[in-house]
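Q: Here is a sequence with its predicted model. Questions after.
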Amino acid sequence: MERLLTAMLIEDDSQARNMLQKFLEVDEEVIVVASLENTLKAEEIILKHNPDVVFIDIHLPYESGIRFATRLRESGCETLLVFTTAFRNYALEAFSLKPFDFLVKPFGMVEISDLLLKIKQHFEAREISSGSVSAKEHSAKVQFKTNQGYLFILPQEVLYVKTSKNCCELFLTSGKIEKVLSPISAISKEFAGSNFRMINRSLLINMGYSVKIDRKSKKCVVSSPECEFELPINQNNYLFFMNLDSLNLG
């Protein structure tokens, strides 16, 4: 998957919620954008972060997960829903909402890994079917908010993106660095289909400028006529790049 998968958790049991977040974040392509114990602020956060998938307990205080999911669907929100429950009979009630899947408690790392694979395959298939990788999109400038106003930039002008405190730094082919007020998960989505890939949790690179992978140091080299950078790459992405004939494995 070439972009980050963003997830939101709504679970009143803190132990179950923390365990689910821990299991999800074992995968470095997954970012949990919010972890809540009820639905009181959930809709506001979904509008702000637009997560790819919401994991929601069916039995919650104040408002049930089914009732909240019903309101979400009525508002037109199409984020994927994964219901979590310790009671199988509640699952039947939720089928009308067309959830992506169910997690029956107690669940473990195997169930989470299998589910994440299904979710990634879903988005990859959707991007292919929608023709997201098009010349028209690649030629369009992307807008990002900055402290001074807005930055409009073509994806091919960006060598790589790095998280920096509450913002991200765009390292450009010209050698310039631009700070934008967007999380790396949002930038990853904006650049989806433009040959970008996460190489670890805080770095998103333009594969078009990748020239070398160093086997010993686990570094990826990205280069333009104006500058060159060596960036740390995690094991999963090292194996991915190892199978690409266009890259020189040092």
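A: Perfect, I can see it now.
Q: For the rest of this, base every contact and every neighbour count on C-alpha atoms.
A: Noted.
Q: mind giving me the domain ranges of the protein?
A: Listed domain ranges for the chain are 5-129, 135-249 (source: automatic domain parsing).
Q: weakest of the ones you listed by average pLDDT?
A: Among the domains of the chain, domain 135-249 carries the lowest mean pLDDT, at a mean of 82.
Q: And that domain, how far out from the chain middle?
A: 15 Å (CA atoms, centre = their mean, to the nearest Å).
Q: please begin residue numbering at 19 from this point
A: Understood, numbering begins at 19; the last thing we discussed is domain 153-267.
Q: would you turn the domains of the chain into a markdown table with mean neighbour count?
A: Shown next, in a markdown table, are those (neighbours: other CA atoms under 10 Å):
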| stretch | mean neighbour count |
| --- | --- |
| domain 23-147 | 16 |
| domain 153-267 | 17 |
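Q: and S200, what does it touch?
A: By CA atoms under 8 Å, 6 or more residues apart in numbering, the residues touching S200 are F162, K163, C185, C186.
Q: hmm, 7 Å instead?
A: Neighbour list for S200: C185, C186 [criterion: CA atoms under 7 Å, 6 or more residues apart in numbering].
Q: Check which helices and strands the helix or strand hosting A143 sits against.
A: Element membership for A143 (DSSP states H and E) is helix 127-147. Counting contacts by 3 or more CA pairs under 7 Å, 6 or more residues apart in numbering; DSSP states H and E, helix 127-147 packs against helix 32-42.
Q: what angle sits between the helix it packs on and helix 127-147?
A: Counting by axes from the mean of the first three to the mean of the last three CA atoms, to 10 degrees, helix 32-42 lies at 60 degrees to helix 127-147.
Q: so after helix 32-42, what's the next helix or strand?
A: Next element after helix 32-42 (DSSP H and E): strand 48-54.
Q: Please compute how far whatever helix or strand comes next after that next one lies from its chain's middle.
A: Per DSSP H and E, the first helix or strand lying C-terminal to strand 48-54 is helix 60-67. For helix 60-67, the separation from the chain centroid amounts to 16 Å (computed by CA atoms, centre = their mean).
Q: between the helix or strand that helix 60-67 is followed by and strand 48-54, how big is the angle?
A: Once the chain leaves helix 60-67, the next helix or strand it forms, by DSSP H and E, is strand 71-75. Inter-element angle recorded for strand 71-75 and strand 48-54: 40 degrees (by the same axes, to 10 degrees).
Q: Which strands or helices does strand 71-75 pack on?
A: The contact analysis (3+ CA pairs under 7 Å, 6+ apart) places strand 71-75 against strand 23-28, strand 98-103.
Q: now those strands in CSV, with distance to E208?
A: Shown next, in CSV, are the helices and strands packed on strand 71-75 (distance: least, CA to CA, whole Å):
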stretch, distance to E208
strand 23-28, 13
strand 98-103, 19
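Q: what's the closest of the ones you listed to L177?
A: strand 23-28 (21.2 Å; CA to CA).
Q: residues in contact with the closest one?
A: Residues outside strand 23-28 that contact it (CA under 7 Å, 6+ apart): 47-57, 69-75, 203.
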